[in-house]
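Enquirer: Coordinates for the following, if possible.
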Amino acid sequence: MPEINAGFAMTLPPARAIAYFQSKGLTPTMSWKDMQDEAHAVEFAVAGITKLDVLSDIQNSLTRSLTEGMSFRQFQDELEPLLQRKGWLGRGLVADDDGVLQGKKLMPYRLDTIFRTNIQSAHAAGRYQWMVANAKERPYWQYNAIMDGRTRPAHAALHGRIFRWDDPIWNVLFPPNGYNCRCFVRALTQAQVDAHPIGIESSEAYMTTIQQPYGTDGEMRPVTAFRDPKTGRMMVPDAGFNLNPGRGYLAGLGQSLLEKSVDAPPRLAAQAVYETLRNNRLATAMNRDLDSWVRSLPARPGRDFRRAGALSPLVLAAISDSATLPSPVITLPAQTAVSLREAGASWLGRLASAFRYPVAVLQRGEALLMVVEDLAGYSVVTLARSADGFEPVSSVPWSPAAVARARLIDGTLPEGNA
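Expert: Predicted coordinates for the structure are as follows:
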C-alpha cells in the first residue's frame, strides 16, 4: 500500500480506505462532542451540520476524492457550489421558519479540515488493516511525524520510535491523533529494526487512565494515555481521537447506532436496529467487541456500560398500547455484566445476536423475558425497564417454570426442560 504524504497523493485507488469510508454512517450532529471515540471510525458526521442531504453530499464528494485521487482543490471546486445552492455556506447559525437554530453553516475554510481529516482517517484505517495482515513479515511499527514548525510537541516526541504491532500503544496513538495531524506509521522488518539505533520499546507498563477536558463547558472524561518513560509526559490524542480508527469500526458502528437510537423515535429506532443487525459481519463484530469488554471488566467495574441491542418492532408494539412507547434499546451496565459473567451466563459471548435473534420473548408485568440460546441449550434473560430503555437483570436456565404466568409475544418456546 502506498505511503500517504501530506498532500494525500495516490497512485492507485486505496481499496481498503474506500471500503472503510463508505461503511461510515451519516449522523446529523450539532457538536463534535456528539462523536464519541470510535464514532470517528464508524460514522461520518460533520460538526454543525444537521441536514442529512448535505452530509450525503459531502460524503459522496469525499468518496469520489478517494476513488479518483482528487486534490483538495478539485474537492472544493465540486462541493462549494453545491453547498452554496443549498444555503450551507456562510456565517452564523441556520434558523428555520420558526426561528429555531439548526446548526452552524460551513465556512469555506472548514472544507479543508473536513477533507483532510476524513481522507486521512480513511487511509489510516485501510493502512492499519493492511499492516496487521502483514505483521508476520513486518512485526515492528514506527511512528513518524512531519518534523516542521507545525508539528505538535507530543507528536514530535514520538517520531522515530518503534513498538511491536500488537503493543497497546497502537490502540490509542495510531494516527491521526487530532485535526490536521500529518503523522503516519511505517511497518518494519526484523532487519530494519536491527539496524535502528534506538531499538524496540514497549508501552505495556506505561498506559494509564487520565481525565481529559472534553469541549468548552468544563466537562471531563476518562481516556487512556501513554506516560512517556523518557520524559514522564502524558501523551494522549486530542479529544475525540482517542481510539485507532482501523480497529473495531464495525462494532463501533453498532454502538453508535444504538447510542443514537436511545433518543430517536422508538418505532424508528427499533426498525433501524432490527434491519442493521441483520448484517452478519456487523453482528459478529459486535459480539466479539462486547465479549471482550465483559471479559476485561474488573470485579468492581464502576459505572461503565455498553449498548447490547434493541427490542424488535413487533415486540415494541406488543408491550404497550399507548402512544408513548419506551426506547427499545437494551443497555448492559458493567456491574450487571460482571454478575452475569460470574454466574456463568454463556450467552454473553454472543450478546448482540442473542438479543437480535431471541428464541422467544414474553411479558410478565413490566418485565420482559427473552429466551436465548446458550452453550448448554437455552437461558431466560429478564429485562427490566430503565431510563434508557431496558436492562438485563438476571439469567436462569430455561424451564417452563421460568416463564410461568408470562404472556408469549414472539417466537416459540423450547420443548422440554433443556
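Enquirer: Next one: Pro266, what pLDDT does it get?
Expert: Note for Pro266: predicted pLDDT of 82.
Enquirer: That one: neighbour count?
Expert: Residue neighbour count, defined by other Cβ atoms under 10 Å, stands at 22 for Pro266. The way it works is simple: take the backbone N, C-alpha and C, and place the C-beta from them, glycine included.
Enquirer: and what of Arg233?
Expert: Neighbours of Arg233 using other Cβ under 10 Å come to 14.
Enquirer: That one against Ile210, yeah?
Expert: No. Taking contacts as Cβ atoms under 8 Å, Arg233 lies outside contact range of Ile210: 11.6 Å.
Enquirer: Report the separation between Ala135 and Ala187.
Expert: According to Cβ to Cβ, to the nearest Å, Ala135 and Ala187 sit 8 Å apart.
Enquirer: out of these two, which sits in the busier spot?
Expert: Ala187 (19 against 14).
Enquirer: Who does that one form a beta bridge with?
Expert: Trp141 (DSSP bridges).
Enquirer: Where does pLDDT dip in the stretch 1-150 of the chain?
Expert: Residue ranges of the stretch 1-150 of the chain with pLDDT under 70: 1-59, 82-111, 113-115, 118-119, 122.
Enquirer: Please repeat the previous calculation with a cut-off of 90.
Expert: Applying pLDDT under 90 to the stretch 1-150 of the chain picks out residues 1-133, 150.
Enquirer: Which residues does Ala367 form beta bridges with?
Expert: Applying DSSP bridges to Ala367 yields these beta-bridge partners: Arg364.
Enquirer: so it sits right up against Thr382, yeah?
Expert: Yes. Taking Cβ under 8 Å as the definition, Ala367 is a contact partner of Thr382 at 5.5 Å.
Enquirer: Show me the strands in the stretch 101-250 of the chain, by range?
Expert: Secondary structure of the stretch 101-250 of the chain by DSSP state E, counting those that start in this stretch: the strands cover 101-104, 140-144, 162-164, 184-188, 200-201, 207-213, 220-227, 234-235.
Enquirer: And the contacts of the last one?
Expert: With contacts defined as Cβ atoms under 8 Å, 6 or more residues apart in numbering, strand 234-235 is touched by Ala154, Ala157, Leu158, Leu173, Thr208, Ile210, Ala225, Phe226, Arg227, Asp228.
Enquirer: switch to 10 Å and redo it
Expert: 153-155, 157-158, 169, 172-173, 177, 203, 206, 208, 210, 212, 225-228 (Cβ atoms under 10 Å, 6 or more residues apart in numbering).
Enquirer: between Ala135 and Ala187, what contacts are shared?
Expert: Taking Cβ under 10 Å, 6+ apart as the criterion, Ala135 and Ala187 both touch Trp141, Trp165.
Enquirer: by contact count, what packs against the strand or helix carrying Leu351?
Expert: If you go by DSSP states H and E, Leu351 is part of helix 351-356. If you count contacts as 3 or more Cβ pairs under 10 Å, 6 or more residues apart in numbering; DSSP states H and E, helix 351-356 packs onto helix 249-262, helix 266-276, helix 280-296, strand 305-310, strand 329-333, strand 367-374, strand 377-386, strand 389-397.
Enquirer: between these, which gets nearest to Ala125?
Expert: For Ala125, the closest of the helices and strands packed on helix 351-356 is helix 249-262, at 6.4 Å, according to Cβ to Cβ.
Enquirer: could you give the angle of that closest one to strand 389-397?
Expert: Using axes from the mean of the first three to the mean of the last three Cα atoms, to 10 degrees, the inter-axis angle of helix 249-262 relative to strand 389-397 is 120 degrees.
Enquirer: one step back: would you list the helices and strands packed on helix 351-356 in a markdown table and tack on distance to Gly411?
Expert: Shown next, in a markdown table, are the helices and strands packed on helix 351-356 (distance: least, Cβ to Cβ, whole Å):
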| stretch | distance to Gly411 |
| --- | --- |
| helix 249-262 | 22 |
| helix 266-276 | 14 |
| helix 280-296 | 18 |
| strand 305-310 | 15 |
| strand 329-333 | 16 |
| strand 367-374 | 7 |
| strand 377-386 | 11 |
| strand 389-397 | 17 |
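Enquirer: returning to what we had before: any of the contacts of strand 234-235 buried? List them.
Expert: The neighbour count (16 or more other Cβ atoms under 10 Å) marks 154-155, 157-158, 169, 172-173, 177, 203, 206, 212, 225-228 as buried among those.
Enquirer: Return the item of the residues you listed having minimum pLDDT.
Expert: Lowest pLDDT of these: Gln212, 79.
Enquirer: Starting from the one helix or strand Thr63 maps to, tell me the next helix or strand along the chain.
Expert: In this assignment (DSSP H and E), Thr63 forms part of helix 52-68. Counting by DSSP H and E, the next helix or strand C-terminal to helix 52-68 is helix 72-85.
Enquirer: can you tell me how far Gly199 sits from Ala310?
Expert: Per Cβ to Cβ, Gly199 is found 49 Å from Ala310.
Enquirer: Also Asn279?
Expert: According to Cβ to Cβ, Asn279 and Ala310 sit 14 Å apart.
Enquirer: Please identify which of these two sits among more neighbours.
Expert: Per other Cβ under 10 Å, whichever of Asn279 and Ala310 has more neighbours is Ala310, with 31 against 14.
Enquirer: picking up where we left off before, touching both of Arg233 and Ile210, which residues are there?
Expert: The contact lists of Arg233 and Ile210 share Ala225, Arg227, where a contact means Cβ under 10 Å, 6+ apart.
Enquirer: so Val380 touches Val393, yeah?
Expert: No. Applying Cβ atoms under 10 Å as the test, Val380 and Val393 come out as separate, 11.7 Å apart.
Enquirer: which of the two has more neighbours?
Expert: Remark: of Val380 and Val393, Val380 carries more neighbours, 22 against 15, as counted by other Cβ under 10 Å.
Enquirer: if I pick the residue nearest to that one when sequence neighbours are not counted, what's in contact with it?
Expert: Spatial nearest neighbour of Val380, excluding adjacent residues (Cβ to Cβ, 6 or more residues apart in numbering): Ala402 at 4.3 Å. Contacts for Ala402 (Cβ under 10 Å, 6+ apart) come out as Leu362, Leu369, Val371, Tyr378, Ser379, Val380, Thr382, Ser395, Val396, Asn417.
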